[in-house]
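Undergrad: next comes the sequence, and after it the predicted model I'd like to discuss.
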Amino acid sequence: MDGARVEVFAPDGIGEIPAGTDLAVVAAPFVVEGDVVVVTSKVVSKAEGRVVAGDREQAIVDETVRVVARRGPTSIVETRLGVVMAAAGVDASNVAPGFLVLLPVDPDASARRIREGIAAATGHNVAVIVSDTAGRAWRHGQTDLALGVAGLHPLESFDGAVDSYGNPLAVTAPAVADELAGIAEVVTGKLGGRPLTVVRGLAGRVLPPTEHGPGARVLVREAGTDMFGLGTREAVTAAVAGHDQHLFGAPATVEDLLRALNACGLSARSRPDGVEVAASADARLSLLAFAHGWQVHAEQSGDSATTLVRLS
């Protein structure tokens, strides 16, 4: 049979994972050379003793580095892993009442330990992904993504390549680890008690035993490069308060700043040394300049009050 083909299956009968469980031993009977093993973060957390009793809201606060957006009881936050997700990944499902499951401390390290353990137990070289469920901007529903990766390049860059028509692929970079986490969740499910999935047929992507790869951390956008680093309300608050400017990204171009000023009813024109605005002491000007990474400098032009805006 021609063409690419993969097999994805989630073994039954694994059961509850108590603290101290060696997940490599659990996975070993189901793998062969070149497999990709996807393990849910929940069982990794259970095995590593990341189940706690306590108040869920306080646990979310403790696991949060930065609030990205909040709407009523729902909070989207940056976790200490750098991943942005709802409720800092704190989960009260599939665990005894009154207890909470926190994310693994270091999912990349967890993936490496499981990979090395499988190699020691079976002699097979596999890749390991630690997955978790998250929502997505612009779309309803959730899908699984990779929190930890070992033995696999999580991001495949086609930068510099060309398609069959000769067009350059400048920004094409499939998040391979996230794609595999998502397809694994389809067979793992949420209620079937199958926390481990094997993806077979991708041996060409599995790195040599001595190479773990860069880990899932490379999938996390750096602060300031994420166009959605703040919620809409939170971005307004940050601009008014004059803080977290780095989250607005690199300074905007003259054209973008002029477009924003004009959209808000401020007459402006470009100059060699900046942007001249026919207004002064206008709160709109200060907010827009801050959000676009520019600075306001008062200037008198003849009898008219104008303001010069320069790059920060």
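TA: That came in fine, so what should we check first?
Undergrad: count of neighbours near residue 38?
TA: If you count neighbours by other C-beta atoms under 10 Å, residue 38 ends up with 30. Every C-beta, even on glycine, is put in place using the N, C-alpha and C of the backbone.
Undergrad: if you could redo that for residue 241, that was the one I meant.
TA: Residues near residue 241, counting by other C-beta under 10 Å, number 9.
Undergrad: what's the separation between it and residue 61?
TA: Using C-beta to C-beta, to the nearest Å, we find residue 241 at a distance of 20 Å from residue 61.
Undergrad: how far away is residue 257 from residue 247?
TA: Separation of residue 257 from residue 247 (C-beta to C-beta) stands at 18 Å.
Undergrad: looking at these two now, which is surrounded by more residues?
TA: Between residue 257 and residue 247, counted using other C-beta under 10 Å, the more crowded position is residue 257 (24 against 17).
Undergrad: for that one, give me its contacts.
TA: Residue 257 sits next to 268, 275, 288, 289, 292, 294, 309 when contact means C-beta atoms under 8 Å, 6 or more residues apart in numbering.
Undergrad: residue 38 now?
TA: 128, 129, 131, 180, 181, 184, 188, 196, 197, 198, 199.
Undergrad: got it, and residue 89?
TA: With C-beta under 8 Å, 6+ apart, residue 89 has these contacts: 41, 63, 79, 83, 102, 103, 132.
Undergrad: now with 7 Å?
TA: Residues near residue 89 by C-beta atoms under 7 Å, 6 or more residues apart in numbering: 63, 79, 103, 132.
Undergrad: please narrow these to those residing in helices.
TA: Per DSSP state H, helices hold the following members of the contacts of residue 89: residue 63.
Undergrad: out of the contacts of residue 89, which comes closest to residue 204?
TA: Nearest to residue 204 out of the contacts of residue 89 is residue 132 (C-beta to C-beta; 26.1 Å).
Undergrad: excluding covalently adjacent residues, which one is nearest to that closest one?
TA: residue 41 (4.1 Å; C-beta to C-beta, 6 or more residues apart in numbering).
Undergrad: is it true that the one you found touches residue 147?
TA: Yes - using C-beta atoms under 7 Å, residue 41 is in contact with residue 147, at 5.4 Å.
Undergrad: what touches both of these two?
TA: If you check residue 41 and residue 147 against C-beta under 7 Å, 6+ apart, the residues they both contact are 103, 107, 130, 131, 132.
Undergrad: mind checking pLDDT for the closest residue to the second one other than its chain neighbours?
TA: Spatially, and ignoring its direct neighbours in sequence, residue 107 is nearest to residue 148 (2.8 Å; C-beta to C-beta, 6+ apart). If you check residue 148, the pLDDT there is 98.
Undergrad: list the buried residues for the helix or strand hosting residue 148?
TA: With elements taken from DSSP states H and E, the one containing residue 148 is strand 139-150. Going by neighbour count (16 or more other C-beta atoms under 10 Å), the buried part of strand 139-150 is 142, 143, 144, 145, 146, 147, 148, 149, 150.
Undergrad: repeat that for stretch 180-187.
TA: 180, 181, 182, 183, 184, 185.
Undergrad: just the ones of those in helices?
TA: 180, 181, 182, 183, 184, 185.
Undergrad: ok, the last one - contacts?
TA: The reference is to residue 185. 131, 143, 144.
Undergrad: ok, now with 6 Å
TA: residue 144 (C-beta atoms under 6 Å, 6 or more residues apart in numbering).
Undergrad: the fourth one now?
TA: The neighbours of residue 183, taking C-beta under 6 Å, 6+ apart as the test, are residue 8.
Undergrad: ok, it to residue 32 distance?
TA: 18 Å.
Undergrad: kindly report the same for the last one.
TA: Residue 185 sits 22 Å away from residue 32, taking C-beta to C-beta as the criterion.
Undergrad: so where's the longest helix in the protein?
TA: helix 107-122.
Undergrad: report the rounded mean pLDDT for it.
TA: For helix 107-122, the mean per-residue pLDDT is 98.
Undergrad: that one versus strand 139-150: what angle between them?
TA: 60 degrees (axes from the mean of the first three to the mean of the last three C-alpha atoms, to 10 degrees).
Undergrad: in helix 107-122, what counts as buried?
TA: For helix 107-122, the neighbour count (16+ other C-beta under 10 Å) marks 107-119, 122 as buried.
Undergrad: need these in JSON lines (columns: distance to residue 137).
TA: Below are these laid out as JSON lines (distance: C-beta to C-beta, whole Å):
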{"residue": "107", "distance to residue 137": "22"}
{"residue": "108", "distance to residue 137": "24"}
{"residue": "109", "distance to residue 137": "28"}
{"residue": "110", "distance to residue 137": "27"}
{"residue": "111", "distance to residue 137": "26"}
{"residue": "112", "distance to residue 137": "30"}
{"residue": "113", "distance to residue 137": "32"}
{"residue": "114", "distance to residue 137": "30"}
{"residue": "115", "distance to residue 137": "31"}
{"residue": "116", "distance to residue 137": "35"}
{"residue": "117", "distance to residue 137": "36"}
{"residue": "118", "distance to residue 137": "35"}
{"residue": "119", "distance to residue 137": "38"}
{"residue": "122", "distance to residue 137": "40"}
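Undergrad: I appreciate the help and will end here.
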